[in-house]
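K.L.:
got a predicted structure plus its sequence, pasted below:
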Amino acid sequence: QVQLVESGGGRVQPGGSLKLSCAAAGFSGRVYTMSWHRQAPGEERELVASIAFDSTGGGTAYASSVKGRFTISKDDDRKTVFLEMTSLKPEDTAVYYCKLQWNSDTFWGQGTQVTVSS
């Protein structure tokens with residue numbers, strides 16, 4: 001059974017930083033993609049950043065709203081993805097979800113709340 005366990009959310013002041021992590025377990029894939037998505041109250045869930053787990057070293061992609069402020073990275077051996085968030089803004093407030101795309105299957109984490117407020 002595939003499980004995604006997220007951690008690292010919390011409350012921070014504008015301009016602050018947080019680092020999220022998501023560990024995947026229960027599958028044996030070597031080529032897959034992990035990504036972070038977020039959903040603010042009353043809004044659609046949106047892609048924040050993604051990274052590939054493959055032989056090429058891991059291509060990344062970012063939403064334009066976070067480019068230059070957020071960095072996605074990974075630990076292949078631990079099947080873990082990280083999201084380092086800096087220069088946080090109130091509009092970054094949302095529940096952040098980790099997603100695993102493995103072949104045709106999609107798995108989601110439980111979500112972690114990030115609140116940016118003074």
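P.N.:
Everything's here; your move.

K.L.:
what's stretch 4-23 in contact with?
P.N.:
24-25, 34, 36, 78-90, 96-100, 107-118 (CB atoms under 8 Å, 6 or more residues apart in numbering). In short, each C-beta sits where N, CA and C put it, glycine included.

K.L.:
ends of it, what's the gap?
P.N.:
6 Å (CA to CA, to the nearest Å).

K.L.:
okay, buried residues for that stretch please.
P.N.:
4, 6, 8-9, 12, 18, 20-23 (16 or more other CB atoms under 10 Å).

K.L.:
low-confidence ranges in the protein?
P.N.:
Scanning the chain for pLDDT under 70 picks out nothing.

K.L.:
where exactly do the strands run in it?
P.N.:
In the chain, the strands defined using DSSP state E lie at 3-7, 10-12, 18-25, 32-39, 46-53, 60-62, 70-75, 80-85, 94-102, 105-108, 112-116.

K.L.:
any idea how far the most centrally placed residue in the chain lies from residue 101?
P.N.:
Taking CA atoms, centre = their mean, the centroid of the chain lies closest to residue 36, which sits 2.7 Å from it. Separation of residue 36 from residue 101 (CB to CB, to the nearest Å) stands at 12 Å.

K.L.:
do residue 13 as well
P.N.:
34 Å.

K.L.:
what bridges to the residue nearest to the centre of the chain?
P.N.:
Beta-bridge partners for residue 36, by DSSP bridges, are residue 49, residue 98.

K.L.:
can you pull the contacts of it?
P.N.:
20, 22, 47-50, 72, 81, 83, 96-99.
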